[in-house]
Structures are given as structure tokens and as C-alpha cells.
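>>> with the input below, show me the fold.
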Amino acid sequence: MAQTLSPRYVIANRVPLAAIDLTFRIASAAVLSRAGRYRFLVGGISPRQLAATLARIRALRSWPVAWVRTARSYLVQARDRRRSGDLAVAAQQQRSAALCYHFAQILELHDLERRRRLYRRAASLFREIAPHLAPPAYPVELDWRDTTLPGYLCLPEGATRPSPLVVLLNGSSTVKEETIGWALPFLRRGVAVLALDTPGSGEAWDRVLAAPGQEDIADALLNFTSIHPLLDPGRVALLGISLRGAMAVQLAAYQPELAAVIAVTPPYDPAPYLPYLHPLVRQDVAWAIGVDPADLPDLASHISLVDTVRALRAPLMVVGAGADLIVPPAESLRLYRSAASPKHLLYLQEANHVGFTHLEQWTAAAADWLATTLAHARPRRA
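Residues are numbered from 1 along each chain as shown. So this is what the prediction gives:
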């Protein structure tokens, strides 16, 4: 398998943290590539604020500090907008502040409790203004086993009849406050959106960690939609990114009543390339599962889709990225080729992991495919 990894992939995953830190000390985080900046820009951080934030980062340890400073700047702007009566803009400014706290914690590498405090601040700020955003996002809780999984629900404007639903499942470092910002293309096609914190991610991290054997989350999703008057439990789809792209396929294979599944830059068979992954990625995944990074190889078989995809009957869309430096691009192609269910491939040759560089393109394509696919599913409620 090592021979199938591109030299660029191997080199990118072999850059030591000390080298990154030295680069920041010499030139600041402003060296971050254009592709690397897309995630923050699509998250609502203005180009000017992003440039200023990156320029202040002169070492890895200053990453959280710089992002918190930018968050506070957005909060000052939000306060001023509220005082002038411009509540819509104030809500957007506070949303940006919340995401700054989220971005602050993704490179908090040593203090897990500080990382959690930063994220909890992000979640709290977002919750305050979520119903005032455009489109509005409403906090919901999914009952699952002996706990709940938190999420945000957006409904198509003016919906009076039960809508189909797509459930967004986080990657290892994304959270519902980030992914709910991707809702608009789906809403425009009449599909409701639920951004969900699954075990080991977002606010759910404090309640339950990720583990093998959690496929019954699919049952909780169908139970949730069955009691919501504006959602149709017969037309529920999953969209998972990165690690939860594999989870989306697993849930859909387990629960045949799910109507469709979209996997964005997912792992297919991670065991062979797991040793090549950058320590930052391995640490993120290990924190989500609650294990030491050295123990991840023992769990690789539980992530593998080699056997799972054979049981999948729901229509499958795979989004692959040719410039992915986290999950090898061939993984998306292998998943697509192995699927026996109705399938569609969108392969973006220049896109990075999760397709942040092409987010508008792939979310629009996914919304079109999903609306067409779900139109053929039989509604349970009218």
C-alpha cells in the first residue's frame, strides 16, 4: 500500500510539529496556503480578519491565543450592532466569534481541558444566536440509549408539509456549529438539514465517546423524525464527512429504512495507510474515541467499509478529492467501485480534504442529487 501513496501525501504527513512551529516563528501562520485558508473563509471569517489572525500566530502555542483575540473582536462588533438595532448583522458577527473559538481549539495540542473550554465557549455563543441566523437554526436533542445527542435543525422556508431530511455527521475536527453553515443548498431544494454532534464530537464529546457498535444511532434518527411534524421519516438521508463518511455508510447499511447516503472524502480501508497519517490527525481521532493514538491500529477494522458496503442497499453518492492529504484520494474511488447499490461519484481533482476548497460546488451537487433521489423515495406522511 505504501507504494500507492503519492510522494506529496507522504511528505505532507511527515512534516514534524517542530518544523511547523519553526516555520510559524520565522514567518507566522500567514504561510498557510490558499487551500488551507478555505475552511476558515467558508466558516464566515472575513479575509481581513483571517489574514490578521494568521499574522499574529508566531508559534503553535499562540494559535489558540490569536483566534480568541479575533473572537473577542467579533464580539465587540456584535455588541455595537445590537446597540444600533442591527440584530441580523449582530447575530452573524457572534456566529463568527463562536467559530473563532472553535477554530482556536483545533490546534490546542497539549491541554485537553483547555481545548474543551474553548469549544464550550463556541457552543454557548452559537446557541444564543442560532434562531436569529439566516436561515434560522433550532437546537434539538436526539434521544439515544441513556443520553442525548445535540444538533441544529434548519427547515426549508415556508415548509408546511413534512420535508425530507439530510443529517450532517461531523468529521474528527468539525462540529455542528460549523456544518450547519452548509445548509442553504439543501434548503433551497426543499430538504431539511440536521447538523448532529455524534459520539466523540462537539458537545456530545462530554457525554459519550465514539466506539464500535453505535449503528443504532440510525434508529434514534428515525425515531426523531417520526415525531417531528415537519419531517418525513420515509425520506431521511445521511451525509458524513471524513471519518463520519464511513460512519454514514455503516449506519445506512445497518438501517435499510434510511433513504440515501453521501460520503465525503471517507476512509474505505484505513489500516494500510494509518501509520502514515500525520500525528495531528491521529491525535484528533484518538481524542474522539478516547484512546491513545498508538491504539488506533486496533480499531482500523471497525472503520473499514470493505465488507460493510456490500450490505448497503441505499443509493450512495461519494465525493472524492484529488488533493486530499489526509485520506488518500484513492479511498473514495475504491468505495464507489465496491458499492453495489445505485451510486454516483463526484470526484474533484483539485479539492482538498472534505472539499473545503470546493464546498459550494459539492454541496450544490449533493443537494441536487439528494433532492432527485429522495423524490423517488416513498413519503410516509403527507
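
>>> can we go C-alpha only for contacts and neighbour counts from here?
OK.

>>> ok, and what's touching the top helix by length along the chain?
In the chain, assigned by DSSP state H, the helix with the most residues is helix 63-83. The contact list for helix 63-83 (CA atoms under 8 Å, 6 or more residues apart in numbering) reads 49, 53-54, 56-57, 87, 89-94, 96-101, 103-105, 107-108.

>>> which parts of the chain are strands?
138-144, 147-154, 163-169, 192-196, 231-241, 260-264, 316-321, 343-348 (DSSP state E).

>>> what is the rounded mean pLDDT of the fifth one?
Read that as strand 231-241. Averaging pLDDT along strand 231-241 gives 97.

>>> next: the second one.
Average pLDDT, strand 147-154: 98.

>>> now swap in stretch 87-103 and tell me
97.

>>> and the helix or strand of the chain with the lowest mean pLDDT, what's buried?
Ranked by mean pLDDT, DSSP states H and E, the helix or strand of the chain with the weakest confidence is helix 279-289, at a mean of 88. By neighbour count on 16 or more other CA atoms under 10 Å, the buried set for helix 279-289 is Pro279, Leu280, Arg282, Gln283, Asp284, Val285, Ala286, Trp287, Ala288, Ile289.

>>> starting at the chain centroid, how far to stretch 304-317?
20 Å (CA atoms, centre = their mean, to the nearest Å).

>>> now it - C-alpha only, PDB.
Only the C-alpha atoms of stretch 304-317 are listed here, as PDB (Å, rounded to 0.1, in the frame of the first residue of the first chain):
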ATOM      1  CA  SER A 304     -13.200  -0.300   7.300                       C
ATOM      2  CA  LEU A 305     -16.000  -0.400   4.700                       C
ATOM      3  CA  VAL A 306     -14.700  -3.300   2.700                       C
ATOM      4  CA  ASP A 307     -17.400  -5.700   4.000                       C
ATOM      5  CA  THR A 308     -20.000  -3.100   5.100                       C
ATOM      6  CA  VAL A 309     -20.500  -1.500   1.700                       C
ATOM      7  CA  ARG A 310     -21.600  -4.900   0.300                       C
ATOM      8  CA  ALA A 311     -24.600  -4.800   2.600                       C
ATOM      9  CA  LEU A 312     -25.600  -1.200   1.500                       C
ATOM     10  CA  ARG A 313     -28.800  -1.000  -0.400                       C
ATOM     11  CA  ALA A 314     -29.500   2.700  -0.200                       C
ATOM     12  CA  PRO A 315     -28.400   5.000  -3.100                       C
ATOM     13  CA  LEU A 316     -24.800   6.200  -2.400                       C
ATOM     14  CA  MET A 317     -23.100   9.400  -3.500                       C
END
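
>>> for that stretch, which positions count as buried?
In stretch 304-317, counting by 16+ other CA under 10 Å, buried: Ser304, Leu305, Thr308, Val309, Ala311, Leu312, Arg313, Ala314, Pro315, Leu316, Met317.

>>> same deal with stretch 4-12?
Neighbour count says stretch 4-12 has Tyr9, Val10 buried, by 16+ other CA under 10 Å.
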